[in-house]
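# 3D, please:
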Amino acid sequence: MRATPASISLAIPLALWDLSATDGGFVPGGEPAQWEWGTPTGGPGTGKHTWATTLDGRYLNDAVDTLEVTLPDVSAAAAPVLVFRHWYDIQANDGGTVEVWDG
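From the prediction side, this is the model:
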């Protein structure tokens, strides 16, 4: 067994979202509201429930869609970290942004 230095602490999850059973409380929005929760027909999440813009095809051009979730109170955490898995299949000159509002 290898000793762990005292300066390294193990992360304790404050929240986990298992999207296999529920939509996790995520709220889709924007225009034209392409976010869908379900089983995608392509990509690395095929066969598993997830959130995606258009589960069975390409997303629409010139869209500003949002997917929001309320994070738990992390004010007691010394150094909170947000970790999530995501996958993009976007065309040239398109993009995606992840934002965290700290209130």
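# does the nearest residue to G30 once chain neighbours are set aside count as helix, strand or coil?
Spatial nearest neighbour of G30, chain neighbours left out: D65 (3.8 Å); criterion: Cβ to Cβ, 6 or more residues apart in numbering. C-beta here means a position set from N, CA and C on the backbone, and glycine is covered the same way. Recorded secondary structure, D65: strand (DSSP: H, G, I helix; E, B strand; the rest coil).
# hang on, D65 packs against P32?
Yes. The pair D65 / P32 is scored as a contact, 7.4 Å apart, by Cβ atoms under 8 Å.
# so these two - more neighbours on which side?
More neighbours surround D65 than the other of D65 and P32, with 17 against 11 (other Cβ atoms under 10 Å).
# give me the residue at the spatial middle of this protein.
For the chain, F84 is the residue whose C-alpha lies nearest the centre (Cα atoms, centre = their mean; 5.4 Å).
# residue contacts, that one?
Neighbour list for F84: V98 [criterion: Cβ atoms under 8 Å, 6 or more residues apart in numbering].
# which ones are touching the residue nearest to G30?
D65 makes contact with 28-35, 53, 59, according to Cβ under 8 Å, 6+ apart.
# what do you get for K48?
The neighbours of K48, taking Cβ under 8 Å, 6+ apart as the test, are 19-20, 39.
# mind doing that once more with 10 Å?
Counting by Cβ atoms under 10 Å, 6 or more residues apart in numbering, K48 touches 19-20, 38-40.
# same thing with L55?
Residues in contact with L55 (Cβ under 10 Å, 6+ apart) are 34-43, 45, 49.
# state the pLDDT value of L14.
Here the pLDDT value assigned to L14 is 81.
# how much space separates it from T54?
Distance, L14 to T54, using Cβ to Cβ, to the nearest Å: 31 Å.
# what does D62 give?
In terms of Cβ to Cβ, D62 sits 14 Å off from T54.
# again with V98
Look at V98 and T54: by Cβ to Cβ, they are 19 Å apart.
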